[in-house]
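J.: Got a predicted structure here, sequence first:
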Amino acid sequence: MMAAGRAAQLGAKVILLEKNDCLGKKLLITGKGRCNFSHYEFDRTKIAENFGKKGRFLYGALERFGVSEVLDFFQSRGLEWKVERGNRIFPAQGDANTVLKVLTEYLNKGKVKICYDAKISDIMAPDDCSEKFKIILNEQKIVVETIILCTGGKSYPQTGSTGDGYSWAKKFGHTIIQPSPALNPIRTSEAWAKELQGLTLKNVSLQLFQKGKKRDERFGEMLFTHFGISGPIVMDMSKHIGQRLKKGNVKLWLDLKPALDFKKLDERVQRDFQEFRGRMFKNSLKKLLPASMIEVMVKLSGIDGEKKVDHISKEERKRLIHLFKELEITPKQLLGYKWSMVTCGGIDLREINPDTMGSKKMGNLYFAGEILDLDGPSGGYNLQECWSTGYLAGESAAKRKQICQ
């Protein structure tokens, strides 16, 4: 939508081929329907860093249409925004429909022709620069000079995102870096995790270990589910968990009190035990744990819940503190594309001009969004990438002058 709108704004005659019967199907479920549409950070380098080593590819797109420009774009079209926890940017009023409305009006103003239920069976590339693309669509043929592929990855296939663009890009000579789910919930082995279904923990730390070495660490919010764990820090780590699981078993350590080291936490526990003297152990943890987690922690500690805190030994107390700081969770697998917010992998960035989003293989082919081999953490980064690359691709395609050598 951003690519089509920008190209039309510059005078190009644009047709948008939409696989679904409506626009923005995936956009409408972002941010649990509220649409976390960007991240409040105006330094392009810091935004790009969140996409890993490949993030430098985004410098050109972010320079042309970065966070500031995105906010101006929406605000100038009547969408006020607000910054929430973690520098996440949401509409100040409304939800994802409000964002979609702005984009739809942008397309309408540019007189973009939208074809819904557009089932593309094949795209035939031009043999030379004097010819055009031929798109076989619903048993009809459409001839166009330039194509921008914005078909996304394979995440949330129920929204129509099924990786169609990979086969077309490959046909045009591009390399596809093996796609895999990212920002994905995790299925775990522990039965007790299901007992905590619906519990959200804030300000906790999660560490990833394999072969005795720490491989990753995240701090923030985590959620227990009927299948295991989810929430921002789990989703952000999921790609690394998936990659590590291919190499062997991994372990997660959940630190429920990352602000306290072992010694300070021990002192805190002793103060609480002193306060609850004469009471049962299971009734002494309400200042340290959410109520729904107490029974599980008592069970895991191996300490009799009916035991008076006065009689808890030093060894038992140390075991409890160990649970608080290193609660072990065993990942089994990622839930897969159906629950994956974004796709890791995609079109090899080395084959795309970062200053135009144009193909280095074919002069009248452009790319934008999740189809690229780029994925960032939760928090508005991935939508920002879509806006930036889409705007640049649309602009470049509209300005392009066909030159035959």
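T.: Sure, I can see it. Numbering: from 1, shown residues only.
J.: Specify the residue positioned farthest from the middle of the protein.
T.: Using CA atoms, centre = their mean, the residue of the chain lying farthest from its centre is residue 278. It sits 48.7 Å away.
J.: how far away is that one from residue 248?
T.: Distance, residue 278 to residue 248, by CB to CB, to the nearest Å: 48 Å. Glycine gets a C-beta too; all of them are placed from N, C-alpha and C.
J.: ok, back up a step: the residue farthest from the centre of the chain belongs to a helix?
T.: No: using DSSP: H, G, I helix; E, B strand; the rest coil, the secondary structure at residue 278 is coil, not a helix.
J.: which residues in the stretch 101-250 of the chain form strands?
T.: 113-115, 120-124, 133-137, 140-144, 147-149, 176-182, 186-188, 200-210, 213-224, 228-230 (DSSP state E, counting those that start in this stretch).
J.: What are the buried residues along the helix of greatest length in the chain?
T.: The helix that spans the most residues within the chain, counting by DSSP state H, is helix 381-399. Across helix 381-399, burial judged by 16 or more other CB atoms under 10 Å covers 381-398.
J.: same question, stretch 172-184
T.: 172, 174, 176, 177, 179, 180, 181, 182, 183, 184.
J.: Can you give me the pLDDT of the closest residue to the third one other than its chain neighbours?
T.: The shortest distance from residue 176 to any residue that is not its chain neighbour, by CB to CB, 6 or more residues apart in numbering, is 5.0 Å, and that residue is residue 166. For residue 166, the pLDDT comes out at 97.
J.: cool, and the one 5 residues further on?
T.: pLDDT for residue 171: 94.
J.: same deal with residue 217?
T.: The model reports residue 217 with a pLDDT of 97.
J.: Identify the bridge partners of it.
T.: Residue 217 has these beta-bridge partners by DSSP bridges: residue 207.
J.: who's in contact with it?
T.: Shown in contact with residue 217 (CB atoms under 8 Å, 6 or more residues apart in numbering): 205, 206, 207, 208.
J.: and which of these is nearest residue 148?
T.: residue 208 (37.2 Å; CB to CB).
J.: Might you report the residue contacts of the spatially closest residue to that closest one that is not a sequence neighbour?
T.: Nearest residue to residue 208 in three dimensions, chain neighbours excluded: residue 216, at 4.1 Å (CB to CB, 6+ apart). For residue 216, the contact set (CB under 8 Å, 6+ apart) comprises 207, 208, 237, 240, 241.
J.: In this structure the third one contacts residue 207, no?
T.: What that stands for is residue 237. No: in this structure, residue 237 is not within contact of residue 207 by CB atoms under 8 Å, at 9.2 Å.
J.: Who has more neighbours out of these two?
T.: Between residue 237 and residue 207, counted using other CB atoms under 10 Å, the more crowded position is residue 237 (26 against 18).
J.: Enumerate every residue touching the more buried one.
T.: Contacts of residue 237 (CB under 8 Å, 6+ apart): 206, 208, 216, 218.
J.: Checking residue 286 next. Helix, strand or coil?
T.: Each residue gets one of three states, and residue 286 gets coil by three-state DSSP.
J.: Any idea how many residues pack against it?
T.: Neighbour tally, residue 286, other CB under 10 Å: 12.
J.: where does it fall, phi/psi-wise?
T.: Phi and psi for residue 286, reported as degrees, to the nearest 10, are phi -70, psi -20.
J.: In the stretch 101-250 of the chain, where is pLDDT below threshold?
T.: Scanning the stretch 101-250 of the chain for pLDDT under 70 picks out the ranges 128-130.
J.: and residue 15, bridged to which residues?
T.: residue 113.
J.: how close does it get to residue 73?
T.: Per CB to CB, residue 15 is found 22 Å from residue 73.
J.: Between these two, tell me which one has more neighbours.
T.: residue 73 (19 against 15).
J.: how close does the residue found closest to residue 283 once you drop the neighbours it is linked to in the chain get to residue 269?
T.: Setting aside the residues directly before and after it, residue 283 is nearest to residue 276 in space (CB to CB, 6+ apart), at 6.8 Å. Using CB to CB, residue 276 is found at 11 Å from residue 269.
J.: okay, these two: which has more neighbours?
T.: residue 269 (23 against 18).
J.: Isn't the more buried one up against residue 320?
T.: Yes: using CB under 8 Å, residue 269 makes contact with residue 320 at a distance of 6.7 Å.
J.: how many other residues sit next to the residue nearest to residue 176?
T.: When neighbours are counted by other CB under 10 Å, residue 166 registers 22.
J.: Quote the end-to-end distance of stretch 49-67.
T.: 14 Å (CA to CA, to the nearest Å).
J.: so for it, what's the average pLDDT?
T.: For stretch 49-67, the per-residue pLDDT averages 97.
J.: What residues sit buried inside that stretch?
T.: Within stretch 49-67, the residues scored as buried using 16+ other CB under 10 Å are 50-51, 55, 57-62, 64-67.
J.: which residues touch that stretch?
T.: 38-42, 44-45, 47-48, 73, 349, 352, 354-357, 372-377, 381, 384-385, 387-389, 391-392, 395.
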